[in-house]
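Enquirer: Coordinates for the following, if possible.
(chains A, B, C and D)
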Number of protein chains: 2
Amino acid sequence: MSTSPKLKLYEEFAAIARALGNAHRIDILEHLGQGERGVDALAAKIGLSTANTSQHLQQLKRAGLVESRRDGKYILYRLKGDNVLTLLGALFDLGEHNLAEVDKVMRDYFHKRDDMEAVSHEELLERSRDGLVTVLDVRPKDEFAMEHLPGAKNIPLEELETRLSEIDPAQEVIAYCRGPYCVLSFEAVAALRQRGIKARRLEDGLPEWRAAGLPVEQP
Amino acid sequence: MSTSPKLKLYEEFAAIARALGNAHRIDILEHLGQGERGVDALAAKIGLSTANTSQHLQQLKRAGLVESRRDGKYILYRLKGDNVLTLLGALFDLGEHNLAEVDKVMRDYFHKRDDMEAVSHEELLERSRDGLVTVLDVRPKDEFAMEHLPGAKNIPLEELETRLSEIDPAQEVIAYCRGPYCVLSFEAVAALRQRGIKARRLEDGLPEWRAAGLPVEQP
DNA sequence: ATATCATTCAATAGATTACTTGAGCGTAGC
DNA sequence: GCTACGCTCAAGTAATCTATTGAATGATAT
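Expert: Residues are numbered from 1 along each chain as shown, chains lettered A, B, ... in the order given. The predicted structure follows:
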């Protein structure tokens, strides 16, 4: 094998794929989809040691999936361009269509996605313009603080039970979180429905919304 | 780590990515993009032992990237759905945009892709309708035999020098091969230009043409 | 049945990967 | 300057991956 130019290229592409070949690193990418993060903050969110997280980040960096900048004593990582979300989307899509295991997990834990009747960008925009829905961001407070959908109300999933009174039961709730496989919004919808409140999920999460060129609110 | 459902899903997605994490397997996928192949035939094309190729194919199968069927004593593998090409496309795209190494290989070996002025589907269709161009398939004879672009002439790259007389020097040649990184069409264009024949590459290869829903010719 | 061919399986050695631990380095604030 | 903090590096272990070899299926042909 004289390592033809084509194989050389494929070796580079394979290196990118290998960087995606670990569940924790995909998790990191999802979190970075919310916005820039420091290493420790990320490590805490995903439940890995700092050193381990740092090493994962460096693999992602070598593969061209993330980039970093220094801000004071923090080093902030972020996704490198919109292509990353596109690639992740293609990966998720293939998994959902081609792997029985993925389908099974979806059924078992997410009570079958289709039954959740996800709401599209377009529908949300339309209905929120008419003031018909409550847009609910169920991510943790700090993530909401950085960026959120326009007009959204933030009740982190953990606090949902104790803060139910803040939700107008006359309106439909549309919940969203980090991305299409983020559990938060699934569980929020389930909890709300159990209490008789009409609720649906937004099809995608914040990163996809932003990638679609739709407006977000910042402090 | 109690392995949340989200991480379980991400583990599945990561498994798909790991299956893409080897240059030979990407090469296999490109060849399967041309059409169904038996194990031995594939092994010969990509230059690996039969056993090794078989094992790579099984990894791809476990990851939901290929599927197989028995035909007599052959077991024929093929890509599992169009999502595979989409995923590969996203991967290539990210590599081209985000990795300096990829860009370097492109410059060194492919004489900078942009200078090659690739021709789009649309332009090819238009110009071949008017009879202005020779569509040249430079893949090996057996791949051409299985399927090719309508009206294309087949001269495998190895035979190009000896069969130059078959090409009308008055017409522009548009060459294509297996896919966007297949070397064959790059080299064919370079060789033709050196001999004063106007030549360009088709932007993509046969699989992308087929995936775009455009017609192909079969025996 | 036997022989043959295409493919897979099983066992192995060598390389790569994930995570931990503890040390090292740069920046901010005292 | 020193200390605290955020991050990276280096070394080590256990687990996983690649490619080779040779043996084992399974289907066809004689």
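Enquirer: For A:Gln58, grab phi and psi.
Expert: Torsion angles at A:Gln58 (phi, psi; degrees, to the nearest 10) stand at phi -70, psi -30.
Enquirer: Roughly how far does it sit from B:Ser54?
Expert: Between A:Gln58 and B:Ser54 the computed distance is 35 Å (C-beta to C-beta, to the nearest Å). C-beta here means a position set from N, CA and C on the backbone, and glycine is covered the same way.
Enquirer: what do you get for A:Ile16?
Expert: Applying C-beta to C-beta, the value for A:Ile16 to B:Ser54 is 26 Å.
Enquirer: Break chain A down into its structural domains.
Expert: A:5-83, A:114-211 (automatic domain parsing).
Enquirer: Contact residues of chain A facing DNA strand C?
Expert: A:18, A:21-22, A:24-25, A:48-49, A:51-52, A:55-56, A:59, A:70, A:72-73 (C-beta under 7 Å from any atom of the strand).
Enquirer: Just the buried ones from these, in ChimeraX syntax?
Expert: Entered in ChimeraX, the line below selects the buried ones among the residues of chain A next to DNA strand C, by 16 or more other C-beta atoms under 10 Å in any protein chain shown:
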select /A:18,21,22,24,25,48,56,59
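Enquirer: Just give me the closest of the residues of chain A next to DNA strand C to A:Ala170.
Expert: A:His24 (42.1 Å; C-beta to C-beta).
Enquirer: Report the contact partners of the closest one.
Expert: Residues counted as contacts of A:His24 (C-beta atoms under 8 Å, 6 or more residues apart in numbering or on different chains) are A:46, A:48, A:56, B:7, B:10.
Enquirer: so of the residues you listed, which ones are in helices?
Expert: A:46, A:56, B:7, B:10 (DSSP state H).
Enquirer: Closest to DNA strand D out of those?
Expert: Lowest distance from DNA strand D to the ones in helices among the contacts of A:His24 (C-beta to the nearest atom of the strand) belongs to A:His56, with 9.3 Å.
Enquirer: ok now stretch A:80-89, how far from the chain's centre?
Expert: 12 Å (C-alpha atoms, centre = their mean, to the nearest Å).
Enquirer: And stretch A:212-219, by the same measure?
Expert: 15 Å.
Enquirer: Tell me which residues of that stretch come out buried.
Expert: For stretch A:212-219, it's none, nothing buried (16+ other C-beta under 10 Å).
Enquirer: sorry, back to before: out of A:Ile16 and B:Ser54, which sits in the busier spot?
Expert: Of the pair A:Ile16 and B:Ser54, A:Ile16 is the one with more neighbours under other C-beta atoms under 10 Å in any protein chain shown, namely 26 against 16.
Enquirer: For A:Trp209, give its distance to chain B.
Expert: 19 Å (C-beta to the nearest C-beta, to the nearest Å).
Enquirer: which residues sit in contact with that residue?
Expert: A:121, A:149, A:176, A:202, A:216.
Enquirer: A:Pro215 contacts A:Ala152, doesn't it?
Expert: No: with contact defined as C-beta atoms under 8 Å, A:Pro215 does not reach A:Ala152; the gap is 11.7 Å.
Enquirer: I'd like to know which of the domains of chain A lies nearest to B:Gly38.
Expert: Closest among these, once you apply C-beta to C-beta, is domain A:5-83, at 21.9 Å.
Enquirer: now the closest one: mean pLDDT?
Expert: Averaged across domain A:5-83, pLDDT comes to 94.
Enquirer: Next step: the residues of chain A next to DNA strand C restricted to helices.
Expert: Reading helices off the residues of chain A next to DNA strand C with DSSP H, I get A:18, A:24-25, A:51-52, A:55-56, A:59.
Enquirer: Can you tell me which of those residues is closest to B:Glu117?
Expert: A:Arg18 (33.3 Å).
Enquirer: Disregarding flanking residues, what is the spatial nearest neighbour of that closest one?
Expert: B:Gly21 (3.7 Å; C-beta to C-beta, 6 or more residues apart in numbering or on different chains).
Enquirer: Distance of the one you found relative to A:Thr53?
Expert: In terms of C-beta to C-beta, B:Gly21 sits 21 Å off from A:Thr53.
Enquirer: now A:Arg78
Expert: 15 Å.
Enquirer: Neighbour count: the two, which is higher?
Expert: More crowded of A:Arg78 and A:Thr53, by other C-beta under 10 Å: A:Thr53, with 24 against 16.
Enquirer: Thought A:Asp27 was touching the more buried one, still the case?
Expert: No: if you go by C-beta under 8 Å, A:Thr53 and A:Asp27 don't touch, sitting 10.3 Å apart.
Enquirer: Quickly list what's touching both of the two.
Expert: Common contacts of A:Thr53 and A:Asp27 (C-beta under 8 Å, 6+ apart): A:Ile46.
Enquirer: How about the residues of chain A by DNA strand D?
Expert: A:38-41, A:50-51, A:54-55, A:57-58, A:68, A:73-76.
Enquirer: Many thanks, I have nothing further to ask.
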